[in-house]
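> missing the sequence, but the structure's below:
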């Protein structure tokens, strides 16, 4: 049995018409700006998390002009909780480029889309096909996994040859699809809900009769497991400091690197050991006796294991020294990582 491109596209497009999830960016007709925002948010992020952030974000920045003219700190604040904050900065720059070079109109052709900051081949293909109905493919982890199973291709998913093969296969399908955008969304939807990495629901798959892996009984083995990413351990000591008015002392991280550009409680980091109270006190301009250890916890990301020790400071008039005091009710206006939200919003740890 050999998978047929035409019958695959017909089955996938028909299935999507009846089973597509009702998502806020799936309006008809598709809005280019909302689609652009959703594509940036969905990179390496589950739909459930994006659903929490998408509507507030597009309500605050209702147009691409509004996003382009906003301060970066405000964009990061509205992005807080989604992680991978470089995407927020690139979306901001992308909006500015669209306003500056395209009069606020998101371009429809692949070449112009890929010239925008933060827009790669996948995002350009998604916008061009889904919004503008152009015959162009998209390939991400979901699409690659589906194609590998359909063709019973056991090669490692992240190998360069596998990725090139997947793009070629996806292009063939897009070329014979009635609506390439619907086909592309159908494959992403199928990979997210049916043809998942684990707990595959082949009994509900619209193309299982054309799936060579299903026919061979190898769906669970394809693609083979990815090598686990090596995680680097970072040790952090953070201090919650209040002034007499109750405002919290915060600092902004450098624009690049871990949690780039976000705000945090004053924090000392080390890659080899836990910073001492003496070292944290020196950073703050107080003595170690002014610090009270409150809590230790571990925050795990894809690439890092971050070991936090949290202190409160009994001093109330520490100099800002390049930092600033902000009233606690205004913390939501800043971009803050989930780990630092736990620190800055924890009543148990910030109460003296």
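Done, it's in. This is a predicted model, so every value here is computed, not measured.

> What sits closest to residue 252 if chain neighbours are left out?
In this structure, residue 252 finds its nearest non-sequential neighbour in residue 263, 5.3 Å apart by CB to CB, 6 or more residues apart in numbering. Bear in mind the C-beta positions are built from the backbone N, C-alpha and C, glycine included.

> show me where the stretch 251-352 of the chain has helices.
277-284, 338-344, 347-350 (DSSP state H, counting those that start in this stretch).

> could you redo those as TSV and give each row mean neighbour count, distance to residue 24 and mean pLDDT?
Converted to TSV, these look like this (neighbours: other CB atoms under 10 Å; distance: least, CB to CB, whole Å; pLDDT from 0 to 100):
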stretch	mean neighbour count	distance to residue 24	mean pLDDT
helix 277-284	18	43	94
helix 338-344	20	23	91
helix 347-350	14	33	47
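
> of all these, which lies closest to residue 80?
helix 338-344 (7.4 Å; CB to CB).

> ok now stretch 240-255, how far from the chain's centre?
27 Å (CA atoms, centre = their mean, to the nearest Å).

> Figure out the length between the terminal residues of that stretch.
22 Å (CA to CA, to the nearest Å).

> May I see the buried residues of that stretch?
Neighbour counts over stretch 240-255 (16 or more other CB atoms under 10 Å) mark 240-242, 247-250, 252-253 as buried.

> picking that back up, now the helices of the stretch 251-352 of the chain as CSV including distance to residue 71?
Converted to CSV, those look like this (distance: least, CB to CB, whole Å):
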stretch, distance to residue 71
helix 277-284, 27
helix 338-344, 19
helix 347-350, 27
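
> Go through the buried residues of stretch 240-255 and name the one nearest residue 42.
For the buried residues of stretch 240-255, the nearest to residue 42 is residue 253 (24.7 Å; CB to CB).

> picking up where we left off before, which one of the helices of the stretch 251-352 of the chain lies nearest to residue 77?
Nearest to residue 77, of all the helices of the stretch 251-352 of the chain, is helix 338-344, at 11.5 Å by CB to CB.

> what comes into contact with the closest one?
80-81, 83, 238, 240, 248, 250, 259, 262-265, 297, 299, 306, 308, 310, 328, 331, 336, 349-350 (CB atoms under 8 Å, 6 or more residues apart in numbering).

> try 7 Å this time
When contacts are defined by CB atoms under 7 Å, 6 or more residues apart in numbering, helix 338-344 is touched by residues 81, 238, 240, 248, 264-265, 299, 306, 308, 310, 331, 336, 349.

> With stretch 36-43 instead?
So stretch 36-43 is contacted by 25, 50, 53-54, 57-58, 82, 84, 87, 91, 106, 118, 123, 126-127 (CB under 7 Å, 6+ apart).

> Just the buried subset of the residues you listed, written out for ChimeraX, thanks.
Buried subset of these, written as a ChimeraX selection, criterion 16+ other CB under 10 Å:
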select :25,50,53,54,57,58,82,87,91,106,118,123,126,127
